[in-house]
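Peer 1: Got a sequence here, can you build the structure:
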Amino acid sequence: MAKTLTKIDVIKLAENIRSGNYPTEKIKLDQFFTKTFDGDWVPDPDKRIQVRGTTRDVNFIIRAINKIQSSGDDSGLEPLTCVRMPNRDLLVINGSHTSEIQIKIGKKEADAHIIDWVKDLGGRMSIAQRMGNLLNFQNVEKVSTHDEDVKNELYQFMAEKREAGLDPKPTEDEIQEFVDIYPSVSRRTIGQWISNTDAGGRKKPRIEYTDSELASAAKRYTSSQKYVDYVICNPQTVAHWNDTGTATPMSLMATEGKTKALVVFYCSTIEQVESWKSGKLEKKIKAHYTKLNNYYEVTIEYDMLRYE
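Peer 2: Coordinates of the predicted model:
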């Protein structure tokens, strides 16, 4: 029989949480957020165990806030689920959207189910991802689990097997367990996922920005002594590096009578993240700005906002 990792069953625990049979306690919401220059609350990605491909669905959050503010009814917001880490910090594993909705409608505290990283999750990210996936079922104030989330859990599980010195390929029993837990995913699909990975672990989720957060990022650069004699371009998706990424700094320098510009990029898709991480796109951008700098005798620099 193939060796594998110790099995940790979180299905019953997830059922108890979803049914309301697991106790809750009051926690402070601001521990999971930071504030922008304009006073807007922004999720701290380091205070979450994120199981999805993106950290948040901004449009969903805006719709939910508008609905609650117009109706005055926030009864659809369920308790958060948080993980107590060995250093005693709390990380949100379920309810990232809910916590952001709550703090943006003025709440300071929230009810939360607290589970333990070691005792309940075995100290393993793949088990944490499974817990998050099991809790993420579609309802009024949630965004449902998708196949991509299940694939990330599978890849993390395979990476943990490799790190433990085991064959990363899941056994037939392990594959069947995925099929049983996630009926929307077929055995054939799981087989394809296994064939298409080197068991390097899941991809980190992409950070998604609101317009106000992008504006706040620009203000941070404007207030930096390093860029005191630069024009600061509003953050733009890196896909536009060769159009507005060129036209905007040139226009602003001409308007403000300066010879230095900072272009701020962000990644709006997972594909852009992967392209940036490969180094190929950044190499093109660097060569492009070097050519402009030499020809026009200006200084155009760039920076990339955090994307994971």
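
Peer 1: Could you use CA atoms for every contact and neighbour count after this?
Peer 2: Will do.

Peer 1: Please identify the helix or strand for E282.
Peer 2: Secondary structure assignment for E282, by DSSP states H and E: helix 280-296.

Peer 1: hey, where'd the helices end up in the chain?
Peer 2: For the chain, helices defined by DSSP state H occupy the ranges 11-19, 58-71, 96-104, 125-135, 147-163, 172-181, 187-195, 211-222, 244-256, 270-278, 280-296.

Peer 1: would you turn those into CSV with mean pLDDT and mean neighbour count?
Peer 2: Rendered in CSV, the data for these read as follows (pLDDT from 0 to 100; neighbours: other CA atoms under 10 Å):
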stretch, mean pLDDT, mean neighbour count
helix 11-19, 93, 15
helix 58-71, 89, 14
helix 96-104, 94, 22
helix 125-135, 92, 23
helix 147-163, 87, 21
helix 172-181, 90, 14
helix 187-195, 89, 14
helix 211-222, 89, 17
helix 244-256, 94, 16
helix 270-278, 88, 15
helix 280-296, 95, 14
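
Peer 1: For Y302, which of these is the nearest?
Peer 2: The closest of the helices of the chain to Y302 is helix 280-296. By CA to CA, the value is 8.4 Å.

Peer 1: Next, the angle helix 244-256 makes with that closest one.
Peer 2: Relative orientation of helix 280-296 versus helix 244-256 (axes from the mean of the first three to the mean of the last three CA atoms, to 10 degrees): 30 degrees.

Peer 1: What are the contacting residues of helix 280-296?
Peer 2: With contact meaning CA atoms under 8 Å, 6 or more residues apart in numbering, helix 280-296 is reached by 241-242, 275-276, 298-301.

Peer 1: let's see 6 Å
Peer 2: Contact with helix 280-296 is made by T299, as judged by CA atoms under 6 Å, 6 or more residues apart in numbering.

Peer 1: Repeat that for stretch 121-131.
Peer 2: The contact list for stretch 121-131 (CA under 6 Å, 6+ apart) reads 51, 117, 153, 156-157.

Peer 1: Next, format those residues as JSON lines and append distance to R63.
Peer 2: Below are the contacts of stretch 121-131 laid out as JSON lines (distance: CA to CA, whole Å):
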{"residue": "V51", "distance to R63": "22"}
{"residue": "W117", "distance to R63": "33"}
{"residue": "E153", "distance to R63": "29"}
{"residue": "Q156", "distance to R63": "32"}
{"residue": "F157", "distance to R63": "35"}
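
Peer 1: which one of these sits closest to P235?
Peer 2: When those are ranked by distance to P235 (CA to CA), V51 comes first, at 26.6 Å.

Peer 1: Now for the closest one, how many residues are close by?
Peer 2: By the criterion of other CA atoms under 10 Å, V51 has 28 neighbours.

Peer 1: try V298
Peer 2: By the measure other CA under 10 Å, the count of residues near V298 is 17.

Peer 1: Who are the contact partners of it?
Peer 2: T259.

Peer 1: one step back: so can I have TSV of the helices of the chain showing distance to N234?
Peer 2: Shown next, in TSV, are the helices of the chain (distance: least, CA to CA, whole Å):
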stretch	distance to N234
helix 11-19	42
helix 58-71	19
helix 96-104	24
helix 125-135	35
helix 147-163	32
helix 172-181	44
helix 187-195	39
helix 211-222	6
helix 244-256	9
helix 270-278	18
helix 280-296	17
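
Peer 1: closest one to P45 among these?
Peer 2: helix 96-104 (9.9 Å).

Peer 1: ok and that closest one relative to helix 58-71, angle-wise?
Peer 2: Going by the same axes, to 10 degrees, helix 96-104 makes 50 degrees with helix 58-71.

Peer 1: Put the alpha carbons of helix 96-104 into PDB.
Peer 2: In PDB, the C-alpha atoms belonging to helix 96-104 read as follows (Å, rounded to 0.1, in the frame of the first residue of the first chain):
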ATOM      1  CA  SER A  96     -13.300  37.400   4.100                       C
ATOM      2  CA  HIS A  97     -16.100  39.100   2.100                       C
ATOM      3  CA  THR A  98     -18.400  39.200   5.100                       C
ATOM      4  CA  SER A  99     -15.800  40.800   7.300                       C
ATOM      5  CA  GLU A 100     -15.100  43.500   4.700                       C
ATOM      6  CA  ILE A 101     -18.800  44.200   4.400                       C
ATOM      7  CA  GLN A 102     -19.200  44.400   8.100                       C
ATOM      8  CA  ILE A 103     -16.400  46.900   8.700                       C
ATOM      9  CA  LYS A 104     -17.500  49.000   5.800                       C
END
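
Peer 1: so how far is that helix off the chain centroid?
Peer 2: Centre-to-centre, helix 96-104 and its host chain are 15 Å apart (CA atoms, centre = their mean, to the nearest Å).

Peer 1: Alright, I will stop here.
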